[in-house]
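>>> Generate coordinates for the sequence data below:
(one chain, ligands or ions: 2)
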Amino acid sequence: MQKPLLVAPSMLAADFAKLGEDVAAVDRAGADWIHLDVMDGHFVPNISFGPDVIRAMRRHTKKFFDVHLMIAPVDPYLAAFADAGADLISIHAEAGPHLHRSLQAIRALGKQAGVVINPGTPVSVIEPVLDRVDLVLLMTVNPGFGGQAFIPEVATKVRAVKALVGDRPIRIEIDGGITPETAPIVTAAGADVLVAGSAVFKAGTEEGYARNIAAIRAAGEAARG
Ligand code: DX5
Ligand code: ZN
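Ligands and ions are numbered 1, 2, ... in the order given. The predicted model follows:
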């Protein structure tokens, strides 16, 4: 059974001076999930926001909070993100030496767990943890900034992850450079959650967000097998 295709706008591309309004606007505009990019200036060369800002956004929408941690270490902060209202917490395989321990800690907090790999990291890294995750996130840019160009070679990795996942109820998410032009490349390969920052928020109005989300969804759906 094919899972419904989900579109997850990234609040990294929203107006940080009005995150509450913008998260409510993408909620009404048809977002399935809300993607929240946490950057520490250490694991990635940029700093975004932390648990208190996520907690503040939590009051403005009931949508599923998909929290993408680009921080190292992760373990000391997991409880704070769970408490701030995350529904799913994803951690990078590259961010620490004890991947099982961190994934186990997320589930022990009662949250869904995701594992993320950068474009240059081989898919084999996630194989040992597939029974401990609800989602695999494949980066199609090097994390740290919105608005970067999609790396098409990752499509091969999406196919490999799809085969490894098999019948497990694991979602395959793609993050970086997703637009109506690139979405079909990854949904044809088996992706079922699409993160999009600039391609949604560049519109600047709620009507525009709705149009952009619908265009990404339609292009992605049309290419699914
Ligand atoms: C990149 C972040 C992405 C980013 C995507 O480090 O993980 O979620 O916001 O932005 P776009 O869609 O603009 O590439
Ligand atoms: Zn992200």
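>>> where are the low-confidence patches of this protein?
Within the chain, no stretch has pLDDT under 70.
>>> I'd like to know the phi and psi angles of whichever residue of it sits closest to ligand 2, please.
Taking C-beta to the ion, ligand 2 has its nearest neighbour within the chain at H68, 3.8 Å off. All C-beta atoms are positioned from the backbone trio N, CA, C, and that covers glycine. Phi and psi for H68, reported as degrees, to the nearest 10, are phi -100, psi 100.
>>> Same check on the one 3 residues further on?
According to degrees, to the nearest 10, the main-chain angles of I71 amount to phi -140, psi 150.
>>> Going forward, the N-terminal residue is numbered 13.
Happy to do that; since the first residue is 13 now, the last one works out to I83.
>>> my read: it touches D49, true?
No - distance between I83 and D49: 10.5 Å, which falls outside the contact criterion (C-beta atoms under 8 Å).
>>> ok, back up a step: ok, the residue of the chain closest to ligand 2 - how many residues close by?
Residue neighbour count, defined by other C-beta atoms under 10 Å, stands at 28 for H80.
>>> what pairs with it across the strands?
D49, S102 (DSSP bridges).
>>> can you pull the contacts of it?
If you count contacts by C-beta atoms under 8 Å, 6 or more residues apart in numbering, H80 has them with 47-50, 102, 126, 128, 149, 187, 207.
>>> tell me the phi and psi of P109?
Torsion angles, degrees, to the nearest 10, at P109: phi -80, psi -10.
>>> next one: P21
Dihedral angles for P21 - degrees, to the nearest 10 - are phi -60, psi 140.
>>> Report the beta-bridge partners for it.
The partner residues for P21, given DSSP bridges, come to A208.
>>> Any part of the lengthiest helix in the chain near ligand 1?
If you go by DSSP state H, the chain has its longest helix at helix 218-234. No - using C-beta under 6 Å from any ligand atom, helix 218-234 never reaches ligand 1; the gap is at least 9.8 Å.
>>> tell me which strands and helices that helix is in contact with?
Helix 218-234 is packed against strand 18-21, helix 31-40, helix 195-201, strand 205-208, helix 210-213, with contacts defined by 3 or more C-beta pairs under 8 Å, 6 or more residues apart in numbering; DSSP states H and E.
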